[in-house]
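**Student:** Below is the structure, and that's it, no one-letter string:
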């Protein structure tokens with residue numbers, strides 16, 4: 001079973017594939033997307049990932065990237081307790097709005113492109129306990145397999 005789609009180059013709303021950095025116009029980036037399927041506790045979850053490849057604008061343009069172009073490789077998720085860049089927002093619990101932490105430190109999520117097909121996602125299990133027991137019960141109920149009877 002294929003659990004991931006090919007990595008594809010995307011464009012912005014204006015159809016641009018190579019986007020100039022507004023603060024440093026000699027640099028830019030392209031945006032990549034990939035959909036992955038994960039399985040946890042008998043539950044399938046499809047997730048669309050995106051990552052940026054930055055570089056000198058002229059180098060990116062010389063590569064001839066096109067919208068929808070498939071690239072070899074994959075997108076990998078790496079969670080850390082150190083932000084990758086200044087001002088990076090930490091990972092948030094979407095149900096409670098709480099910052100997810102490990103040993104009292106916020107967790108940061110990063111997605112990057114690699115051609116190493118053996119590269120693996122790296123996740124950090126948060127140790128912050130959910131305050132609302134009703135939310136936990138609802139999550140368990142939604143993870144149950146649907147009934148096949150009508």
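**Tutor:** In hand now; what should we look at? Computed from a prediction, not measured in an experiment: that's the story for all the values here. Numbering: from 1, shown residues only.
**Student:** you'd agree residue 75 is in a strand?
**Tutor:** Yes - under DSSP: H, G, I helix; E, B strand; the rest coil, residue 75 sits within a strand.
**Student:** just so I have it, where are all the helices in this structure?
**Tutor:** Secondary structure of the chain, counting by DSSP state H: helices at 57-62, 133-142.
**Student:** what residues go with each domain of the chain?
**Tutor:** Residue ranges for each domain of the chain read 1-71, 73-132, as given by automatic domain parsing.
**Student:** Take these and lay them out in JSON lines including mean neighbour count and mean pLDDT.
**Tutor:** Backbone N, C-alpha and C define where each C-beta goes, glycine included. Output for the domains of the chain, formatted as JSON lines (neighbours: other CB atoms under 10 Å; pLDDT from 0 to 100):
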{"stretch": "domain 1-71", "mean neighbour count": "13", "mean pLDDT": "94"}
{"stretch": "domain 73-132", "mean neighbour count": "13", "mean pLDDT": "90"}
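**Student:** give me every residue that touches the residue lying closest to residue 37 once chain neighbours are set aside.
**Tutor:** Using CB to CB, 6 or more residues apart in numbering and skipping the chain neighbours, the partner closest in space to residue 37 is residue 3 (4.4 Å). By CB atoms under 8 Å, 6 or more residues apart in numbering, the contact list for residue 3 reads 36, 37, 38.
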